[in-house]
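# sequence plus the predicted model coming up.
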Amino acid sequence: MSKDLAAFAAENNVKYFMISFTDLFGGQRAKLVPASAIAEMQAEGAGFAGFATYLDLTPAHPDMFAIPDPDSVIQLPWKPEVAWVAADCVMDGQELQQAPRVVLKNQIAKAAEKGLRVKTGVEAEYFLITPDGTAISDAADTAAKPCYDQMAVMRRSHVITEICDYMLDLGWGPYQNDHEDANGQFEMNWEYDDALATADKHSFFKFMVKSVAEKHGLRATFMPKPFEGLTGNGCHAHVSVWDRDGKVNAFADDAMELGLSQQGLHFLGGIMKHASGLAAITNPTVNSYKRINAPRTMSGATWAPNTVTWTGNNRTHMVRVPAPGRFELRLADGAANPYLLQAIIIAAGLGGLAIRADPGPRLDIDMYKDGHTVKDAPRLPLNMLDALRMFDADVGLKAAMGEEFSAAYLKLKHQEWNDFVSHFTQWEKDNAIDV
């Protein structure tokens, strides 16, 4: 049953609501609304000029309204008089089909039509850096192999434990926090959930981490590759598909190799079939391709794929099956839009189910050591432009994600690429000034 946000405010001493939506570039946009006005906003939405955000709209378009979804409401643990609530974008009385949360809800509805319920978890890595963004925040964090470094994680425990305490209070079921493979990098894990709930939590998590870091005089970044030579920020997604009631795991079959059912293999087949195109969504920035095509890092491994392969419990491939009944997509990075990440996984997977897609042969080699021996597996895109072209060429995936969304996304992302390539850099002068 949906919550009455006005009643929620009265019961929890909430004075303001942040009505929030996420645009095509993953930007979180919000209006701060006093609790006295929330009933009207719940009914009619908060008004926005869509052109002022990264949506494919013009100044001439009518007002876009963000309708808060009361099931997503979260009271800010560090500022409890304010509550955050995710919203769906509406224009002229119709849901805006290019809006990321709407795109995800459409995919969830398509899965439901097939009697399926997608559940996911994400591992959103981030760095704690100096406020000016030029260096990691802990000058003592210098180990060549810093992953799980006990002293380094404790030096930032005031930030980590505060965030984890908040997740405990929110009932997310956090279960581990660690220092990751790069100096200054951390990961915090919480329990998986229905895809929409995971996307809302992922969106709020990024907001929460940045807010708590600022509170402590630091800065948090989810940028895919903020520092040359260090492991980048991944956002691994663990995926399982259940029956309509969420009680029977349709991916689980003890009689099958790795415990992944035939249905699970077909869903995985869709991911493999569309991998090069879906990278435009899972790896959405220019910087993303400095992570998935990176040379060996200081720690000895990038922990990121560059080839479309899958395996059992082996972290050197794009997809691994770490346990029966689920798989982990290791492609996405920290810049991935929380809603579009979930939407593209479902769209590609449902496409695989529809054609009973074969994921291809399972490989168990060390891709970092022996990947050069694999001759027939597609390579992932080398840059954002290649990824956009591959997504544009994948007619089935574009249609599955929605033509309005796909056209808007490609248009704005091509504009972003053109802005990048028109930018003059010091590298050009260093390498061409004397030609």
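Yep, that arrived.

# only C-alpha atoms from now on, for both contacts and neighbour counts.
Fine.

# would you confirm that Gly349 contacts Ile271?
Yes: using C-alpha atoms under 8 Å, Gly349 is in contact with Ile271, at 5.7 Å.

# where along the stretch 101-250 of the chain do the helices fall?
Counting by DSSP state H, counting those that start in this stretch, the stretch 101-250 of the chain has helices at residues 150-155, 157-170, 195-215.

# now, of those, which is deepest in the fold?
helix 195-215 (a mean of 19; mean count of other C-alpha atoms under 10 Å).

# which other helices and strands does that helix contact?
Using 3 or more C-alpha pairs under 8 Å, 6 or more residues apart in numbering; DSSP states H and E as the contact test, the elements touching helix 195-215 are helix 100-113, strand 116-124, helix 157-170, strand 219-221, helix 338-355.

# mind pulling up the pLDDT for Ser2?
As predicted, Ser2 sits at a pLDDT of 56.

# what is the least confident helix or strand in this protein?
helix 367-370 (a mean of 91; mean pLDDT, DSSP states H and E).

# got a list of contacts for it?
Helix 367-370 has contacts (C-alpha atoms under 8 Å, 6 or more residues apart in numbering) with 301, 316-317.

# in strands, which of these appear?
Per DSSP state E, strands hold no members of the contacts of helix 367-370.

# of those, closest to Ile344?
If you rank those by distance to Ile344 using C-alpha to C-alpha, His317 comes first, at 19.2 Å.

# my guess is Leu340 meets Ala279, correct?
No: if you go by C-alpha under 8 Å, Leu340 and Ala279 don't touch, sitting 11.3 Å apart.

# any chance of the helices of the stretch 101-250 of the chain in JSON lines, plus mean pLDDT and distance to Ala332?
Shown next, in JSON lines, are the helices of the stretch 101-250 of the chain (pLDDT from 0 to 100; distance: least, C-alpha to C-alpha, whole Å):
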{"stretch": "helix 150-155", "mean pLDDT": "98", "distance to Ala332": "24"}
{"stretch": "helix 157-170", "mean pLDDT": "98", "distance to Ala332": "23"}
{"stretch": "helix 195-215", "mean pLDDT": "98", "distance to Ala332": "13"}
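
# do you know which of those lies nearest Pro68?
The nearest among these, by C-alpha to C-alpha, is helix 195-215 at 12.1 Å.

# tell me the gap between the closest one and the middle of its chain.
Put simply, helix 195-215 sits 11 Å off its chain's centre (C-alpha atoms, centre = their mean, to the nearest Å).

# so that helix versus helix 338-355, what angle?
150 degrees (axes from the mean of the first three to the mean of the last three C-alpha atoms, to 10 degrees).

# got the CA coordinates for helix 195-215 in PDB?
C-alpha atoms of helix 195-215 as PDB (Å, rounded to 0.1, in the frame of the first residue of the first chain):
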ATOM      1  CA  ALA A 195      15.300  -4.200  -9.500                       C
ATOM      2  CA  LEU A 196      13.400  -0.900  -8.900                       C
ATOM      3  CA  ALA A 197      14.200  -1.000  -5.100                       C
ATOM      4  CA  THR A 198      17.800  -1.600  -5.900                       C
ATOM      5  CA  ALA A 199      17.900   1.200  -8.400                       C
ATOM      6  CA  ASP A 200      16.300   3.600  -5.900                       C
ATOM      7  CA  LYS A 201      18.800   2.500  -3.200                       C
ATOM      8  CA  HIS A 202      21.700   2.800  -5.500                       C
ATOM      9  CA  SER A 203      20.700   6.400  -6.400                       C
ATOM     10  CA  PHE A 204      20.300   7.300  -2.700                       C
ATOM     11  CA  PHE A 205      23.500   5.500  -1.800                       C
ATOM     12  CA  LYS A 206      25.500   7.800  -4.200                       C
ATOM     13  CA  PHE A 207      23.800  10.800  -2.700                       C
ATOM     14  CA  MET A 208      24.400   9.600   0.900                       C
ATOM     15  CA  VAL A 209      28.100   8.700   0.300                       C
ATOM     16  CA  LYS A 210      28.800  12.100  -1.200                       C
ATOM     17  CA  SER A 211      27.000  13.900   1.600                       C
ATOM     18  CA  VAL A 212      28.700  12.100   4.400                       C
ATOM     19  CA  ALA A 213      32.100  12.600   2.800                       C
ATOM     20  CA  GLU A 214      31.500  16.300   2.500                       C
ATOM     21  CA  LYS A 215      30.400  16.400   6.200                       C
END
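
# residues in contact with it?
Contacts of helix 195-215 (C-alpha under 8 Å, 6+ apart): 72, 78, 86, 104-105, 108, 118-122, 124, 128, 159, 162-163, 192, 219-222, 338-339, 342.

# so which strand or helix has Ala39?
helix 38-44 (DSSP states H and E).

# I'd say Val118 and Lys110 touch.
No: the pair Val118 / Lys110 is not scored as a contact, 10.7 Å apart, by C-alpha under 8 Å.

# okay, these two: which has more neighbours?
With neighbours defined as other C-alpha atoms under 10 Å, Val118 and Lys110 compare such that Val118 has more, 24 against 17.

# hey, what's the more buried one bridged with?
Val241 (DSSP bridges).

# ok, now which ones touch it?
108, 111, 194-195, 239-242, 346.

# looking at these, spot the one nearest Gly45.
Nearest member of the contacts of Val118 to Gly45, counting by C-alpha to C-alpha, is Ile108, at 22.7 Å.

# does the closest one touch Ile346 like I think?
Yes: at 7.5 Å, Ile108 and Ile346 qualify as touching, with contact defined as C-alpha under 8 Å.

# which of the two has more residues huddled nearby?
Ile346 (28 against 21).
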